[in-house]
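# Fold the following, please.
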Amino acid sequence: MLLNINKTKLNVALILSLVLLSILTISWHHQMYLLYTQSKRIETQNHQLTALHKQLLIEQSQTISGSTIKAKALKMQAPKRQRELLL
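Down below sits the predicted model:
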C-alpha cells in the first residue's frame with residue numbers, strides 16, 4: 001500500500017512539472033515572438049535613418065560643391081579686353 005501512494009505522489013509531481021514546463025515554454029515562445037517583432041521594427045527604422053542620412057549627405061555635398069564653384073568663379077578676374085588687330 002505504501003508503494004502505491006508513493007507512485008501516485010510521483011505521478012502527480014511529474015504531471016505538475018510537465019504542466020509547469022509547458023506553461024514556461026509557451027511564455028518563452030511568446031517573449032521570443034515579441035523580441036523578434038521589436039527587432040524587425042528597429043531594423044526598419046534603422047534602414048530609414050540610414051537612407052535619410054545618405055540623402056542628407058548627398059544634398060550637403062551638392063551644396064558644398066556648388067558653393068566652391070561659385071567661390072572660384074568669383075575669385076577669377078574678368079578677362080582683359082584685347083585690342084583688335086586689323087590686317
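
# centroid residue for this protein?
Against the mean C-alpha coordinate of the chain, by Cα atoms, centre = their mean, the closest residue is residue 46 at 2.6 Å.

# Look at that one and tell me its secondary structure.
Here residue 46 is recorded as helix under DSSP: H, G, I helix; E, B strand; the rest coil.

# Tell me how far it lies from residue 23.
Using Cβ to Cβ, to the nearest Å, we find residue 46 at a distance of 35 Å from residue 23. Every C-beta, even on glycine, is put in place using the N, C-alpha and C of the backbone.

# burial count for residue 63?
10 (other Cβ atoms under 10 Å).

# List the buried residues of stretch 66-73.
For stretch 66-73, the buried set under the neighbour-count rule, 16 or more other Cβ atoms under 10 Å, is empty.

# Centre of the chain to it, how far?
With Cα atoms, centre = their mean, to the nearest Å as the basis, stretch 66-73 stands 37 Å off its chain's centre.

# and for that stretch, what are the contacting residues?
Residues from elsewhere that reach stretch 66-73 (Cβ atoms under 8 Å, 6 or more residues apart in numbering): none.

# and that stretch, average pLDDT?
The average pLDDT within stretch 66-73 is 73.

# Quick check: which ranges of this structure have low pLDDT?
Scanning the chain for pLDDT under 70 picks out the ranges 1-4, 77-87.

# how about a cut-off of 80?
Scanning the chain with the threshold set as pLDDT under 80 gives 1-5, 64-87.

# how about the strands in it?
Counting by DSSP state E, the chain has no strands to list.
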